[in-house]
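1. Compute the structure for the input listed below.
(4 chains)
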There are 2 protein chains.
Amino acid sequence: MPDPTEFDLERFLPYLLNQAAEATSKSFQATYKAAYGMTRTQWRVLANLGKFGAMTARDICAITHVEKTKVSRAVSTLEENGLLSRATSPLDRRAEILSLTDRGREVFADLGQKAIDYDRALRARIGPKIAAQLDERLRRIIARAGADGDGD
Amino acid sequence: MPDPTEFDLERFLPYLLNQAAEATSKSFQATYKAAYGMTRTQWRVLANLGKFGAMTARDICAITHVEKTKVSRAVSTLEENGLLSRATSPLDRRAEILSLTDRGREVFADLGQKAIDYDRALRARIGPKIAAQLDERLRRIIARAGADGDGD
DNA sequence: TTGACTTGGTTGCGAATGCAACTGATACTG
DNA sequence: CAGTATCAGTTGCATTCGCAACCAAGTCAA
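-> Numbers count the residues shown, from 1 in each chain, chains lettered A, B, ... in the order given. Presented below is the predicted three-dimensional model:
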């Protein structure tokens, strides 16, 4: 039994989560980076547009909890690379409706498939049942970690 | 039942892990940032030296899986701020043995206590039993995610 | 010993990040 | 309407990151 008054990084939940996130993200990052020179944020924006269809940058921020400047720049780059296009919203001329181009959908399909494969392999390695439980617990954390006192 | 051929970010384990890690790290980050202007890497280096005692930068890299340049810079800053000191190893004059100063130990004690409190509150919120299971699963992922094919 | 190779750690530099300040459009309030 | 507050998104700037190239010390083999 460890001394409960001394801090142990290895038992610190944020640390464990970070380690696990790093470990799993890193190798998949290599995939979209090598294939399309994309950054993590760009990949996320693409994935969200791919899944949910056209939406505004603000919506993406709300869904992903990513800073708006980060999203803004990711959108610019994706547009430059011809993966998405913007259209001013007719309802609100401040907002821009983002949607994937044909090329963007192609890329999404390709990376999406690779992500599915990667995820399957990962779950197989840690055990499917455990992986399923893990999903639930992570969702719970995401929902409750910053529930009060943290707006970001 | 979702279409298994279409990719869904919300079921992508690396994504979930990232979200959870972000959510839990962010608010604690505010603590060490506000109190000592420390960065995450600096905090980790401090925490490892605090827990394991004097060791070399290389060892820290091995334990934490953090890039060596990141560690190198964190060490420099911690030294500038008087939290750790370096001594050339008598066995290998390339290596430097890092150890916390008295001040460093003070800071570690303070932040360590805050981390314990934070962790406790977090676990209470998500449920202690679930938190305990989570630990195990995360360790499993960390151990197996990059087990083969990924050296970093 | 000498010369080729590895290793601990640092540095340079371009890219990514975070935060605050800003622009233009919209919504509230009287 | 006028005046103010709010909101979508961008930009500037200082900090951090990641990778490759680099230095100095150590190892190995002949």
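
2. What parts of chain A come near DNA strand D?
-> A:56-58, A:61, A:68-69, A:72-73, A:75-76, A:92, A:94-96 (C-beta under 7 Å from any atom of the strand). C-beta: built from backbone N, CA, C; applies to glycine.

3. The same query, at a cut-off of 6 Å, please.
-> A:56-58, A:68-69, A:72, A:75, A:94-96 (C-beta under 6 Å from any atom of the strand).

4. any idea where the strands of chain A begin and end?
-> Assigned by DSSP state E, chain A shows strands spanning A:55-56, A:84-88, A:96-100.

5. winner for burial among these?
-> Mean neighbours per residue, mean count of other C-beta atoms under 10 Å in any protein chain shown, is largest over those for strand A:96-100, with a mean of 18.

6. which other residues reach that one?
-> A:45-46, A:49-50, A:53-57, A:60, A:75, A:83-89, A:108 (C-beta atoms under 8 Å, 6 or more residues apart in numbering or on different chains).

7. so how many other residues sit close to the residue of chain A at minimum distance from DNA strand C?
-> Here chain A gets closest to DNA strand C at one residue, residue A:93, 3.5 Å apart by C-beta to the nearest atom of the strand. By other C-beta atoms under 10 Å in any protein chain shown, the residues close to residue A:93 number 8.

8. do the same with residue A:95
-> Quick note: residue A:95 (other C-beta under 10 Å) scores 17 neighbours.

9. correct me, but it touches residue A:58?
-> Yes: Residue A:95 is within contact range of residue A:58, at 6.8 Å (criterion: C-beta atoms under 8 Å).

10. Tell me if I'm right that residue A:116 and residue B:7 touch.
-> Yes: Residue A:116 is within contact range of residue B:7, at 5.6 Å (criterion: C-beta under 8 Å).

11. Quick check on those two: which one has the bigger neighbour count.
-> Neighbour comparison, residue A:116 and residue B:7: the larger count goes to residue B:7, with 20 against 17 (by other C-beta under 10 Å).

12. which non-adjacent residue is nearest that one?
-> residue A:112 (3.0 Å; C-beta to C-beta, 6 or more residues apart in numbering or on different chains).

13. so what's that neighbour up against?
-> A:47, A:50, B:6-7.

14. distance of the closest residue to residue A:44 other than its chain neighbours from residue A:40?
-> Of all residues not flanking residue A:44 in the chain, residue A:64 sits nearest, at 5.6 Å (C-beta to C-beta, 6+ apart). Per C-beta to C-beta, to the nearest Å, residue A:64 is found 11 Å from residue A:40.
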